[in-house]
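Q: Provided below for reference: sequence and predicted model.
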Number of protein chains: 2
Amino acid sequence: MGTQLLNEQTCYERLRNWIIDGTLQPNERLIELELAARLGTGRATIRTVLARLEQEGLVVREPNRGARVRFVSHEEALEILEARTAIESLLARFAAMRARPEDIAQMRDLLAQMRACIEQGDLVSYSALNTALHRVIAEAARHRTAARLLETLGSQSVRYQYRTILAPGRPATSLTEHNAVVEAIAAHDPDAAEQAMRAHLSGVCETLRRLRQGH
Amino acid sequence: MGTQLLNEQTCYERLRNWIIDGTLQPNERLIELELAARLGTGRATIRTVLARLEQEGLVVREPNRGARVRFVSHEEALEILEARTAIESLLARFAAMRARPEDIAQMRDLLAQMRACIEQGDLVSYSALNTALHRVIAEAARHRTAARLLETLGSQSVRYQYRTILAPGRPATSLTEHNAVVEAIAAHDPDAAEQAMRAHLSGVCETLRRLRQGH
DNA sequence: GTCTACAAGATTGTTGACAATCTTCCCACA
DNA sequence: TGTGGGAAGATTGTCAACAATCTTGTAGAC
C-alpha cells in the first residue's frame, strides 16, 4: 500500500478519494498519526490536508477532539441536489452559448453509449456515463467559478448517486431528459438548455424524495 | 497589534478579514513567518490556515513558492456574480416557502432603512444594509448548503461590491428590485421570489458589465 | 555588453519532541 | 450495586530546528 513519500497535494487527493469511494466511512474518526503512517508522511501534512477537506465539506473537525468523515444525511443530500440544480442549470445555459462542435459531438457520443447501456440493462456503466456527460457539459460552459462549486458539491453526495437510477422506470426517463438537454445545447438555445437541465435534476430530486418516503 | 496567543480558528478569521477588507491586497505575498509573528502564533498554524483559505478561494498557493492573496479579475467577478445569482435565486425561493413572520418583519425594516439612506444619499450605509438584507433572506431560507456556497462566493467578490451602486440611476432601481423580492417572499410565492431575485442580480450584473465597458 | 555559473539569502517543506487536552478504565467509597 | 475521583493512555495542539527549494545578486567568460 501507500508507504511511499507523498507531498501534500498527493495526500489530499488520496484521502479525498478514500472518503469519496467509501474506504473511509461516514463518521469514521480520522486519527492524524494513523493517516500519516498509512500515507507515508508526517502529521503536519495530514493536518493541513484535513483542514482543506473540512473547508470542502468532506470532513468535520472539532477542537481537541480530532476529525471525522462528515456524515451527510438524506435531508442534506437533498439540499445538495437542490444546490446542484441551481449550478448545473447555469452551466447548461452557458454551455448552450459557448459549446464548440467537438463538445457537442462528445455529448452525443456519450448519449449514444448511455442508450446502449439502458438497452442492455447495464446501470452501473450508465451511472458512470451519466457523470461523464454532466462533466462534459460543465467543461463546455467554460465557467470555472460554477464548475468549482459543482465539484465540491458533487464530492459530498456521491454516496447517494447510485440510488436514484434504480427506481422503476427511471432509466428511460433519465435518458429522455439528458437528450433534451444536449439537443438544447446543440441548438445553442440557452433558455431551453437551462430549463431542460432544471427539469432533469428536478426529476432526480423528486425520485430521491420518493425513495426516501418508501424507506 | 495582535501579539496575543491565538488558536487556529481565530487566526483563520483574522487573516480572512484582512484579505476581505483589503488590509492584505490582491497578489500580496503571504510569508508564513511574517504572518506568524503578526498573529502571535507558530508557522504550523499559519500553514493550515493558508490551506483552508486556498480551498475557500481567497488565497493561491504554489508548491515551494508560498502563498499570495488571490487576485480576482473583472471577468472572474462577473462569473462570481453569475454564480451568486443562481444560488441566491434558490435561496429566495426557499425563503418564500419557509420565512416566518419575524423574518419578513426584519426584511421590511431593513428595506425602510435602505429607503431612508437613498433619500439622504448615504450610499455607504445603503451598501451595508443591502448586504444585511441579502443575509436575512439567506437565513430565512434555512438552506445551509446553499448558504455555505453563497458565503464563500461573497467573500471573494467584496472588492467589487461598492462599484455598482455608484452607477447613475442605480440606487432607485436597486431599491425597487429589493422591494419586489421582499414582497414576493412575504406573499409566500416561491416562483415570484426566485424570479425577482434573478431580475435584481441580473441588473447588478448588467451594471457591472457596463461599468467595465466604460473603463 | 550579454549571458551562464555559482554562491548567499530568503522562504517553504518536514520532522521530532513536548505540552495540553480528552477518553477510558479502575478503584475507593457510600 | 452504583458513583465520583483520579491515574494511565491516546490524541491533538504547538513549537523549534533542520533540510530542501527557490530567488537574488555577483563574478567571470565570451
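A: Noted; the coordinates are in hand.
Q: Angles on the backbone of A:Gly57, please.
A: Dihedral angles phi and psi of A:Gly57 (degrees, to the nearest 10) take the values phi 90, psi 10.
Q: Need the per-residue pLDDT for the closest residue to it other than its chain neighbours.
A: Nearest residue to A:Gly57, sequence neighbours excluded (Cβ to Cβ, 6 or more residues apart in numbering or on different chains): A:Gln156, at 5.2 Å. For glycine as for every other residue, the C-beta is placed from the backbone atoms N, C-alpha and C. At A:Gln156 the predicted local distance difference test score is 84.
Q: likewise the one 10 residues further on?
A: Per-residue pLDDT puts A:Leu166 at 83.
Q: Quickly note the distance from the nearest residue to it once chain neighbours are set aside to DNA strand C.
A: In this structure, A:Leu166 finds its nearest non-sequential neighbour in A:Leu123, 6.8 Å apart by Cβ to Cβ, 6+ apart. For A:Leu123, the distance to DNA strand C (Cβ to the nearest atom of the strand, to the nearest Å) stands at 41 Å.
Q: before we move on, the earlier item: how far away is the residue nearest to A:Gly57 from B:Leu149?
A: Note on A:Gln156: its distance to B:Leu149, by Cβ to Cβ, to the nearest Å, is 11 Å.
Q: Of those two, which one has the most company?
A: Neighbour tally, A:Gln156 and B:Leu149, criterion other Cβ atoms under 10 Å in any protein chain shown: the higher count belongs to B:Leu149, 26 against 22.
Q: did I read that right, A:Glu34 in a helix?
A: Yes - using DSSP: H, G, I helix; E, B strand; the rest coil, the secondary structure at A:Glu34 is a helix.
Q: residues near it, how many?
A: The local packing count at A:Glu34 equals 11, with neighbours defined by other Cβ under 10 Å.
Q: A:Leu123 and A:Ile165 touch, don't they?
A: Yes - taking Cβ atoms under 8 Å as the contact criterion, A:Leu123 and A:Ile165 are neighbours in contact, 5.6 Å apart.
Q: joint contacts of the two?
A: Between them, A:Leu123 and A:Ile165 share these contacting residues under Cβ atoms under 8 Å, 6 or more residues apart in numbering or on different chains: A:Pro171.
Q: just the strands in chain A please.
A: Residue ranges of the strands in chain A, as given by DSSP state E, are A:29-30, A:59-62, A:66-69.
Q: Out of these, which gets nearest to chain B?
A: If you check each of the strands of chain A against chain B by Cβ to the nearest Cβ, strand A:59-62 wins as the nearest, at 9.3 Å.
Q: close to DNA strand C, is that closest one?
A: No - applying Cβ under 7 Å from any atom of the strand, one finds strand A:59-62 separated from DNA strand C by no less than 8.2 Å.
Q: Is chain B within reach of that strand?
A: No - looking at strand A:59-62 against chain B by Cβ under 8 Å from any Cβ of the partner chain, there are no contacts, and the closest approach is 9.3 Å.
Q: How about that strand, which residues are buried there?
A: Across strand A:59-62, burial judged by 16 or more other Cβ atoms under 10 Å in any protein chain shown covers A:Val59, A:Val60, A:Arg61.
Q: The last one pairs with what?
A: What that stands for is A:Arg61. The bridge-partner assignment for A:Arg61, based on DSSP bridges, gives A:Ala67.
Q: my guess is it contacts A:Thr48, does it?
A: No - A:Arg61 is not in contact with A:Thr48 according to Cβ under 8 Å; the separation is 11.9 Å.
Q: Which residues are in contact with the residue lying closest to A:Ala92 once chain neighbours are set aside?
A: With sequence-adjacent residues excluded and distances taken as Cβ to Cβ, 6+ apart, A:Ala92 is closest to A:Met197, at 3.7 Å. Remark: with contacts taken as Cβ under 8 Å, 6+ apart, A:Met197 is in contact with A:Thr85, A:Glu88, A:Ser89, A:Leu91, A:Ala92, A:Ile137, A:Val181.
Q: what about the nearest residue to A:Val204 once chain neighbours are set aside, neighbour count?
A: In this structure, A:Val204 finds its nearest non-sequential neighbour in A:Thr164, 5.3 Å apart by Cβ to Cβ, 6+ apart. Using other Cβ under 10 Å, A:Thr164 is surrounded by 21 other residues.
Q: In chain A, where is pLDDT below threshold?
A: Across chain A, the stretches falling below the confidence threshold (pLDDT under 70) are A:1-6, A:162, A:215.
Q: and it, which residues reach chain B?
A: The interface of chain A toward chain B, taken as Cβ under 8 Å from any Cβ, is made up of A:7-9, A:44, A:47-49, A:51-52, A:54-57, A:63, A:76, A:79-80, A:82-83, A:85-87, A:89-90, A:143-146, A:148-149, A:153.
Q: Which segments of chain A make up each domain?
A: A:8-69, A:74-214 (automatic domain parsing).
Q: For those domains, give me TSV that also has distance to B:Met114.
A: Converted to TSV, the domains of chain A look like this (distance: least, Cβ to Cβ, whole Å):
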stretch	distance to B:Met114
domain A:8-69	33
domain A:74-214	26
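Q: And those domains: which comes nearest B:Leu201?
A: The minimum distance between B:Leu201 and those falls on domain A:74-214, with 11.7 Å, by Cβ to Cβ.
Q: what's the first-to-last distance across that closest one?
A: Using Cα to Cα, to the nearest Å, the end-to-end distance of domain A:74-214 comes out at 13 Å.
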